[in-house]
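Trainee: turn this into a model:
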Amino acid sequence: MAREQQYQAEEDQERYSLDKIVGNCPKIVDMKNQILKVAKAEASVLILGESGTGKEVVARAIHYNSRRCNKPLMIVDCSTIVPNLIESECLDMRKGLSLERTKRKKEN
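Mentor: Now for the predicted structure:
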């Protein structure tokens, strides 16, 4: 089982390498540079764009070019989440945490 997972991870790394994103116009080159920059960061990423523009391809390119490439990738379609739950679902915020931060800011 572990061997199959390792094989799948290697296959995904190859499939989502930046070389697989076709194009050399300035906007594509800039996007590839941004992917590499974001892949180095230890942060969650929100990718916005019209339907069919390759958001998931970019998400996978970021993931598989990062140090986390051997860990699970979570892709969330935010359009399926009720708007007032997006913050808690995507940012892993516990109830009251946001209020506590606001309270501390006011005290300072």
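Trainee: name the SS class of L48, please.
Mentor: For L48, the secondary structure call by DSSP: H, G, I helix; E, B strand; the rest coil comes out as coil.
Trainee: start and end of stretch 59-76, how far apart?
Mentor: End-to-end span of stretch 59-76 (Cα to Cα, to the nearest Å): 10 Å.
Trainee: and the contacts of that stretch?
Mentor: Contacts to stretch 59-76, defined as Cβ atoms under 8 Å, 6 or more residues apart in numbering, come from residues 9, 12-13, 15-18, 20-21, 35-36, 38-40, 45, 47, 56, 89-90. Using the backbone N, CA and C atoms, a C-beta is placed for each residue, glycine as well.
Trainee: how's the protein carved up into domains?
Mentor: Domain segmentation of the chain under automatic domain parsing yields 2-75, 78-108.
Trainee: where does pLDDT dip in the protein?
Mentor: Scanning the chain for pLDDT under 70 picks out 1, 86-108.
Trainee: which residue ranges of the protein form helices?
Mentor: Along the chain, the stretches classed as helices by DSSP state H are 2-15, 26-40, 55-64, 86-91, 97-107.
Trainee: middle-most residue in the protein, spatially?
Mentor: The centre of the chain sits closest to V45, judged by Cα atoms, centre = their mean, with a distance of 4.0 Å.
Trainee: and it, how close does it get to I75?
Mentor: Applying Cβ to Cβ, to the nearest Å, the value for V45 to I75 is 10 Å.
Trainee: ok so, going back, any idea which of the domains of the chain is most buried?
Mentor: Comparing those by mean neighbour count (mean count of other Cβ atoms under 10 Å), domain 2-75 ranks first with a mean of 13.
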